[in-house]
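Asker: Any chance you can model this:
(one chain, ligands or ions: 1)
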Amino acid sequence: MKRILYIPFDHLHRNFGALKEADPKNDVIAFVESARMTTGRNWHKERLFFLISSARHFAQSLEEEGFTVEYIKAATTIGGLDAIKKKHKGLPITSAEPSSFRQYEALEKYGVSFVPNDFFLTPRPLFHQWASEQKSYLMENFYRKQRTRLNILMEGKDPVGGSWNFDKENRLPPPKKYEGPAYLEHKRDAIDLEVAEEVGHTPTTTWATTRKGALAQMRNFFDNHFAEFGPLEDAMTTDNWALHHSLLSPYLNNNLLHPAEVIHAAVKAFNTGTVPIESAEGFIRQLIGWREYVNGMYWFLGPDYRENNQLQASIKLLPLFTDPSKTQMNCMKQTVTDINDRAWVHHIPRLMLLSNLALITGTNPQQFLDWMREVFIDASEWVMVPNVIGMGVHADGGQMMTKPYAAGGAYISRMSNFCKPCVYDPKLRVGETACPFTTLYWDFLDRHKEAFAKNHRMSQQVFGLKRLSDLPELKERAQEVLEGLEQGKI
Ligand SMILES: Cc1cc2nc3c(=O)[nH]c(=O)nc-3n(C[C@H](O)[C@H](O)[C@H](O)COP(=O)(O)OP(=O)(O)OC[C@H]3O[C@@H](n4cnc5c(N)ncnc54)[C@H](O)[C@@H]3O)c2cc1C
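Answerer: Down below sits the predicted model:
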């Protein structure tokens, strides 16, 4: 044997990273299930189950291919690698570049040599070059470059359909009583059951833990959901927890699926002529635009970016985030219950409910970020940090997004069916039945009006404050709402 190839739990693809040129005759494959990863934090058990079971299935597939596989449990990754290295006479260790600053530093210090991380469509140096040339890091500008560079949905130099973006068509509210196609369920096997027992969890049948299952999920999306993805992309409804979202993020992030495979399938489906451009473009933008941009920004902005708190937000994480019985707000109760059930909600509840509430209450960004990291099936440091610190709670002072995504109850009422049965009224901003989102939205704008007045994209919202004749009463109500939320009574 010549080398040890270390495979982190998010590099589970045979054709990319360190495994791309692996050979059973030369390479020992190393997996480490570190206690830091499993018991270090209050991880959602569905998430732990998914990550560990996927890695064990993948390790088994390599063994079946004839590789010598070392899969060990250890206190830390380095401790585990040390044990494997001793067993294999000090062979050198190679890995693909890791996906977080912390792991990069630890492995580099230990002497692991890296091959480039090719689990994305954009090499890190290429993104760095793009970002270094920008005055502001607008995702839309990056996305257009990507479309051209990768030649996706292009007719020569022009975008297919005559426009780069069909967002206007993609903002429909949920239809009444919307059922949609049945959810795909994934059967559990012996490895799943073993992992479930070890982590003390009864898993759902929502998430696949094998490449075969991930490919089935991808097929299910393109066959049954892709055409309708766009228009209902932002809608939220208690009738259907996934609507037409792909549910592919966990597999893209642990690399049971490579983004190039998903894009290839998307373009192929679009070329059959049965998928409207607004759905195809909307989905492809999420992948070649948002996902690549977020990863690029994580590496470009550096390890200290995570600690930003430019709005000086200091409220402790509200109890409703960990216990949905601690709120009467229907939208929050339903969303946190959904997260407890299957470790996933789509981008609008993440942005316009969870993050919006953290933003307008002034919740400490790092406490909120840590909670988000722990509870989502697809959470990784590279993707959560920019999404939460930059997009979700505007803690970076606008480095990533030109304005904060703050909204009152009117938005939630328009885009969901949460408000009708709720005890709070989205139209009211004062009084005991006022929607906390509406009250806190105005209070947030008022608290930061000097800073936001300088931002031309916010000036109209801030100007709206002048029309509020009940601002003193609203500020009082905002204090009551905050206290009620902190006590778990609102
Ligand atoms: C505050 C906040 C936190 C988020 N945290 C995560 C996270 O920890 N992990 C994660 O994978 N996504 C995260 N997202 C992005 C997005 O919410 C999820 O990727 C999506 O909900 C996953 O479900 P899906 O696969 O059905 O996505 P779809 O709606 O079907 O979208 C297709 C794919 O696009 C990609 N994508 C879309 N938006 C983003 C984005 N903003 N950043 C990165 N990838 C994107 C995902 O890979 C996703 O699978 C976050 C978004 C917000 C606003």
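Asker: what's the longest helix in this protein?
Answerer: Secondary structure of the chain per DSSP state H: the longest helix is helix 45-64.
Asker: And the average pLDDT for that one is what?
Answerer: For helix 45-64, mean pLDDT rounds to 98.
Asker: same thing with stretch 171-181?
Answerer: So the average pLDDT for stretch 171-181 ends up being 90.
Asker: Same question for stretch 195-206.
Answerer: Mean per-residue pLDDT for stretch 195-206: 98.
Asker: same deal with stretch 2-21?
Answerer: 98.
Asker: Go through the longest helix of the chain and flag the buried ones.
Answerer: 46-59, 61-62 (16 or more other CB atoms under 10 Å). C-beta coordinates here come from the backbone N, C-alpha and C atoms, glycine included.
Asker: now do stretch 111-123
Answerer: By 16+ other CB under 10 Å, the buried positions in stretch 111-123 come out as 112, 115, 117-122.
Asker: ok, the residue nearest to Ser416 when sequence neighbours are not counted to the ligand distance?
Answerer: Counting by CB to CB, 6 or more residues apart in numbering, the nearest residue to Ser416 once its immediate chain neighbours are dropped is Met236, at 3.8 Å. Per CB to the nearest ligand atom, to the nearest Å, Met236 is found 12 Å from the ligand.
Asker: isn't Met236 right next to Arg350, touching?
Answerer: No: using CB atoms under 8 Å, Met236 is not in contact with Arg350; the gap is 10.8 Å.
Asker: So which of those two has more stuff around it?
Answerer: Just comparing Met236 and Arg350: by other CB atoms under 10 Å the higher neighbour count belongs to Met236, 24 against 21.
Asker: give me every residue that touches Ile52.
Answerer: Ile52 is in contact with 9, 33, 38, 195, 198-199, counting by CB atoms under 8 Å, 6 or more residues apart in numbering.
Asker: what does this structure put close to the ligand?
Answerer: Counting by CB under 6 Å from any ligand atom, the chain comes close to the ligand at 245-249, 252-253, 283, 286-287, 290-291, 294, 346-347, 350-351, 355, 376, 378-379, 383-384, 387-388, 391-392.
Asker: what do you get if the cut-off is 5 Å, keeping everything else the same?
Answerer: By CB under 5 Å from any ligand atom, the part of the chain that sits against the ligand consists of 245-249, 252, 286-287, 290-291, 294, 346-347, 350-351, 355, 376, 378-379, 383-384, 387, 392.
Asker: thinking again about what came up before, which one among the buried residues of stretch 111-123 gets closest to Ile263?
Answerer: The nearest member of the buried residues of stretch 111-123 to Ile263, counting by CB to CB, is Leu121 at 7.4 Å.
Asker: got a list of what that closest one touches?
Answerer: By CB under 8 Å, 6+ apart, the neighbours of Leu121 are 146, 150, 259-260, 263, 288, 292.
Asker: Spatially nearest residue to Glu194 (excluding sequence neighbours)?
Answerer: That would be Arg56: by CB to CB, 6+ apart, it lies 7.9 Å from Glu194.
Asker: ugh, wrong one, Arg41
Answerer: Nearest to Arg41 is Glu374, by CB to CB, 6+ apart, at 5.6 Å.
Asker: hang on, the one you found in a strand?
Answerer: No: according to DSSP: H, G, I helix; E, B strand; the rest coil, Glu374 belongs to no strand; its state is helix.
Asker: from what I can see Leu440 touches Glu480, true?
Answerer: No: at 11.0 Å, Leu440 does not count as touching Glu480 under the criterion of CB under 8 Å.
Asker: of the two, who's got more company?
Answerer: Legend: neighbour count by other CB under 10 Å for Leu440 and Glu480, higher for Leu440 (28 against 14).
Asker: For that one, identify the helix or strand it belongs to.
Answerer: Using DSSP states H and E, Leu440 falls within helix 436-447.
Asker: And the contacts of that helix?
Answerer: So helix 436-447 is contacted by 329, 331, 356-357, 359-362, 406-410, 412, 424, 426-430, 452, 461-462, 464-465, 468, 471, 474-475, 477-478, 481-482, 484-485, 490 (CB under 8 Å, 6+ apart).
Asker: Check the secondary structure at the residue of the chain most remote from its centre for me.
Answerer: Distance from the centre of the chain peaks at Lys89, with 40.2 Å (CA atoms, centre = their mean). Using three-state DSSP, the structure places Lys89 in coil.
Asker: where do the strands sit along the stretch 151-300 of the chain?
Answerer: 154-155, 158-159 (DSSP state E, counting those that start in this stretch).
Asker: coming back round to it: and the residue farthest from the centre of the chain, how far is that from Lys73?
Answerer: 22 Å (CB to CB, to the nearest Å).
Asker: Could you chop this structure up by domain?
Answerer: The chain breaks down into these domains under automatic domain parsing: 3-115, 124-181+225-301, 307-486.
Asker: What is the most widely separated pair among the buried residues of stretch 111-123?
Answerer: Largest pairwise distance in these, by CB to CB, is 24.6 Å, between Val112 and Leu121.
Asker: For the nearest residue to Gln60 once chain neighbours are set aside, which residues are in contact?
Answerer: With sequence-adjacent residues excluded and distances taken as CB to CB, 6+ apart, Gln60 is closest to Ile191, at 6.9 Å. Ile191 makes contact with 53, 56-57, 60, 209, according to CB under 8 Å, 6+ apart.
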